Every structure is written in structure tokens, then in C-alpha cells.
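1. How does the following fold in three dimensions:
(one chain, ligands or ions: 1)
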Amino acid sequence: MAYETLLVETRGRVGLVTLNRPQALNALNRQLLEELQGVLAGFQADAGIGAIVITGSEKAFAAGADIKEMQPYGFAAAVTEDLAAGWDAVAACRKPMIAAVSGFALGGGCELAMMCDFIIASETAKFGQPEITLGIIPGMGGTQRLTRAVGKAKAMDLVLTGRMMDAAEAERCGLVARVVAPERLLEEALAAAEKIAGFSLPAVMMAKEAVSRAQETVLSEGMRAERRLFHALFATEDQKEGMAAFIEKRKPTFANR
Ligand SMILES: CC(C)(O)CC(=O)SCCNC(=O)CCNC(=O)[C@H](O)C(C)(C)COP(=O)(O)OP(=O)(O)OC[C@H]1O[C@@H](n2cnc3c(N)ncnc32)[C@H](O)[C@@H]1OP(=O)(O)O
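-> Residues are numbered from 1 along each chain as shown. As a prediction, this is how the structure comes out:
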């Protein structure tokens, strides 16, 4: 299938999505959102895909939501169309997603990266929530996910000043999991994704669900959720296989059931 705003490939068990609107620094418009929703639904349904990498260009992961598309909106249209709500479907993808970020990840670009389960950044990456400079605030989860990722002080600094932070600062404050040289970015992200895709998919999905729960609830609720997911995995063939393989000193072969 051909897309206008994305390049879509599979590399082994990894689905690779490259944002592809170079003329607009990968600004996230309606068409890109619709195409991304479709691609992720396809990867979700494809038993051969165990993890997903979302990346952009060397200059920009994404420079935010498309300002030219948003500019004519009034309050009534924003509220009735629920502007930005379509991104919830992207964040709801149940397979692990890694953002491989080079260059600008601003506004919606930073928010898209934060919808992924973790971010691997090139040394050239720049993160920010500059919406305040446009007379708005983040609308794709920036005030919420950024605050959970980096804490109130840093989130307030970024959201209220609209400044950018570089990859080193983003790693120091916990937004980014790893920083790598620009030429190693995709290789590193694909290797991490392939590694994840080699594990039992039910275990991977439950691990993702359990860690994600920690972002949303109090400790006691999160502990209960973790315990139930942990118990449930003892009903899988993969648990038997994984533990038998350890005891027999061999590599496990997971069947994803
Ligand atoms: C989702 C919400 C609700 O949270 C809201 C948002 O995401 S609002 C958007 C937040 N993002 C921004 O404010 C960043 C806007 N872009 C920039 O500040 C700059 O483009 C830059 C600093 C990222 C890069 O600057 P520079 O290298 O000088 O490139 P430009 O000439 O500015 O850009 C090239 C080209 O891309 C177009 N562009 C860039 N960003 C966007 C955008 N977010 N939406 C639409 N178009 C964008 C820019 O207009 C240029 O196009 P042309 O004018 O050459 O046609």
C-alpha cells in the first residue's frame, strides 16, 4: 500500500514507520494522522510484527502539529471535532513502539515521541513544547506525559518558556532512554525493537501494560494490576518454554501463546 506522508516497511519482525513530509519538517497533519492510524492498526493485527519503530528525517522527527492546518480553527470547530483527539488511537497501540528521534521533536512531535514506549535520540535531537509561542498549549498529551516523564519543574520550564532542550538534557531528565551518534540511530532502534520482538508477545504486551499503568494510577492499584498480569502469564505456553529453556541451558523458542 502506498502512503503520501509515511514510508512503511517491515524489517524482520519490526514494523518501521518513517514520517515523510520533508517540505514541512514532518508537521503532523490530518492525512498523516489517518495514515499512521491505519498503519498501526495493520501492525497490531499482524502476528508477524512484534515491535514498531517510528522515526523521521535527520533534520526533524516532527516539528509539531501542522500550524497551517490549525490556524483557521475556532473554538467551536476545535471542540466539536475534538481537535487532536485522533492521536489517542496512536497512543493506544498495544504493541511496543520506539521513537527514534533525530533533529526537531517539537510540540506534537515531542508528544508523538512520548506516546511511544521509549525514545532513542540522536545527539542532534531537540525536544520542546513551543505551543505557548503560538498562543496555545500542548493538546496531544504534552502537559501530562512530559510532566510524568521529567517532573513538574522541568515540564513547567519547557511548557511555559517554549524553549528547546538538547538530547543530553533530555536524557538527564529522563525523557530519553538512550542517546546515540546520528549514524547509529536507526540501527540502535531497530536492534532494540528486534530484541523485544524476539520475546513472548503476550509477555511483552503485559509488560507494556503494567509499566504504562504506573503512569496512570496510585501504587496500590498498579501493584494489583501488575500481580494479575504476572499471574496470567503462567497460563501461557511461553512461560513453560522460557523457564524450561533456562533450566535446560538452551535458547527459548516462543510461540506467542
Ligand atoms: C499538537 C499541539 C496541539 O500540541 C500543537 C502543536 O504541535 S503546535 C506546533 C508546535 N511546533 C512549533 O511551533 C514549531 C514550528 N516550527 C519551527 O519553529 C521551525 O520550523 C523550526 C525551528 C522547527 C525549524 O526552523 P527552520 O530550520 O528555519 O525551518 P523553517 O523554514 O521554519 O521550516 C521549513 C518548512 O517547514 C514548515 N513548518 C515547520 N514546522 C511546521 C509546523 N509545525 N506546521 C506547519 N509547517 C511547518 C515551515 O513553514 C517551512 O515551510 P515553508 O514556509 O518553507 O513552506
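2. switch to C-alpha atoms for all contacts and neighbour counts from now on
-> OK.
3. The ligand contacts on the protein?
-> Counting by C-alpha under 6 Å from any ligand atom, the chain comes close to the ligand at 23-25, 27, 63-68, 104, 106-108, 130-131, 138-140.
4. Narrow those residues to those in helices?
-> 67, 68, 108 (DSSP state H).
5. my guess is the last one meets residue 143, correct?
-> Think residue 108. No. Contact between residue 108 and residue 143 fails when scored by C-alpha atoms under 8 Å: they sit 11.3 Å apart.
6. Kindly export the helix or strand that contains residue 40 (C-alpha atoms) in PDB.
-> Residue 40 belongs to helix 30-45 when assigned by DSSP states H and E. Extracted in PDB, the C-alpha atoms of helix 30-45 (Å, rounded to 0.1, in the frame of the first residue of the first chain):
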ATOM      1  CA  ARG A  30      -4.800  15.200   9.300                       C
ATOM      2  CA  GLN A  31      -3.700  12.900   6.500                       C
ATOM      3  CA  LEU A  32      -0.500  11.800   8.300                       C
ATOM      4  CA  LEU A  33      -2.600  11.000  11.400                       C
ATOM      5  CA  GLU A  34      -5.100   9.000   9.400                       C
ATOM      6  CA  GLU A  35      -2.300   7.100   7.600                       C
ATOM      7  CA  LEU A  36      -0.500   6.400  10.800                       C
ATOM      8  CA  GLN A  37      -3.600   5.100  12.500                       C
ATOM      9  CA  GLY A  38      -4.100   2.700   9.600                       C
ATOM     10  CA  VAL A  39      -0.500   1.500   9.600                       C
ATOM     11  CA  LEU A  40      -0.500   0.900  13.400                       C
ATOM     12  CA  ALA A  41      -3.800  -1.000  13.200                       C
ATOM     13  CA  GLY A  42      -2.300  -3.200  10.500                       C
ATOM     14  CA  PHE A  43       0.900  -3.800  12.600                       C
ATOM     15  CA  GLN A  44      -1.400  -4.500  15.600                       C
ATOM     16  CA  ALA A  45      -3.300  -7.200  13.600                       C
END
